[in-house]
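Trainee: For reference, the sequence and a predicted model appear below.
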Amino acid sequence: MAMAPVDGALPVQAVHEDADILVLHKPAGLLCVPGRGPDKQDCLSARAQQRWPGALIVHRLDQATSGLVLMARHLDAQRRLGLAFEQRQVHKRYVAVVQGHMGPPDDHAWREIDLPIAADWERRPLRVIDAALGKPSLTRWRAESHDESASTTRVLLEPVTGRTHQLRVHLAAVGHAILGDALYADAATQARAPRLLLHASALALAHPATGEALNFHRAPDF
């Protein structure tokens, strides 16, 4: 399924801005950083730099994923935030809608998917579960609700590690691919949504300059 084009005239939506950091909302279909080729230069970082000169990427979301993205306003903030990500001091939460009945929603217990992920070199940029070559990869998940008539489950996801496509690969590997996933879902599941139903809904971190505890939330539009 082709991703619908993103209107380049739309302004960047800032959830938070100060002298050190930006928290922006990335729409589905927009790259975080420029890709290869003149048709892939429009991206979140380029739009942000037009409004906040010098803004720097700290982490990324997949093009197909919507939600909160953290950027730095200067090099020192980028360094501090990069270290916080490396030390797993930045906590991220996602919302997804997946195929099938995934876990009981009534106990609200967190569960884990612990499967090693490796690059699929013959089909890059795809990733695969690989017990021999994969890097340790851990996702926490919790079922929020079931739609019995549609046979879908809304889940909360917390990636403990940060592998490329981790949430998409892990959910597909346990038989619950995300609706609209053009890379890891079968054709029927892919066709059930006009976009990937995966959204970065929450960020929690210590402010890189003040140490203040920050929590940001943005609900999905699905």
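Mentor: The structure has been received and is ready for your questions.

Trainee: helix, strand or coil for the residue nearest to residue 156 when sequence neighbours are not counted?
Mentor: Nearest residue to residue 156 in three dimensions, chain neighbours excluded: residue 142, at 4.7 Å (C-beta to C-beta, 6 or more residues apart in numbering). Glycine gets a C-beta too; all of them are placed from N, C-alpha and C. Three-state call for residue 142 (DSSP: H, G, I helix; E, B strand; the rest coil): strand.

Trainee: ditto for residue 94
Mentor: Per three-state DSSP, the secondary structure class of residue 94 is strand.

Trainee: List the contacts of it.
Mentor: Residues near residue 94 by C-beta atoms under 8 Å, 6 or more residues apart in numbering: 65, 67, 156, 157, 158, 159, 167, 198, 199, 200, 201.

Trainee: check contacts around the second one.
Mentor: What that stands for is residue 67. Contact analysis of residue 67 by C-beta under 8 Å, 6+ apart lists 25, 26, 61, 94, 199, 200, 201, 218, 220.

Trainee: what about it, which SS state?
Mentor: Following three-state DSSP, we place residue 67 in the strand state.

Trainee: Likewise for the fifth one?
Mentor: For residue 158, the secondary structure call by three-state DSSP comes out as strand.

Trainee: Quick check, it in contact with residue 95.
Mentor: No: using C-beta atoms under 8 Å, residue 158 makes no contact with residue 95, being 11.0 Å away.

Trainee: quick one: what helix or strand has the residue positioned nearest the centre of the chain in it?
Mentor: Centroid-nearest residue in the chain, with C-alpha atoms, centre = their mean: residue 61, separated by 4.5 Å. Element membership for residue 61 (DSSP states H and E) is empty, with no helix or strand holding it.

Trainee: again, but for residue 84
Mentor: Using DSSP H and E, the element containing residue 84 is helix 75-86.

Trainee: Now do that helix: which elements does it pack against?
Mentor: strand 56-57, strand 66-72, strand 198-206 (3 or more C-beta pairs under 8 Å, 6 or more residues apart in numbering; DSSP states H and E).

Trainee: Quick check: can you name the pairing partners of the shortest one and their directions?
Mentor: Neighbouring strands of strand 56-57 in its sheet, by DSSP bridges, are strand 66-72 (antiparallel).

Trainee: gap between the strand it pairs with and the chain center?
Mentor: 9 Å (C-alpha atoms, centre = their mean, to the nearest Å).

Trainee: Measure how it sits relative to helix 75-86, angle-wise.
Mentor: For strand 66-72 against helix 75-86, the angle by axes from the mean of the first three to the mean of the last three C-alpha atoms, to 10 degrees is 130 degrees.

Trainee: in strand 66-72, what's buried?
Mentor: Of the residues in strand 66-72, 66, 67, 68, 69, 70, 71, 72 count as buried by neighbour count, 16 or more other C-beta atoms under 10 Å.

Trainee: hang on, the earlier thing: doesn't residue 153 make contact with the residue nearest to residue 156?
Mentor: No: look at residue 142 against residue 153 with C-beta under 8 Å: they stay out of range, at 10.4 Å.

Trainee: And the two? Which one has more around it.
Mentor: residue 153 (22 against 17; other C-beta atoms under 10 Å).

Trainee: wait, what's in contact with the residue nearest to residue 156?
Mentor: Applying C-beta under 8 Å, 6+ apart, we find residue 142 in contact with 103, 108, 109, 110, 111, 155, 156.

Trainee: Right, I'll call it a day here.
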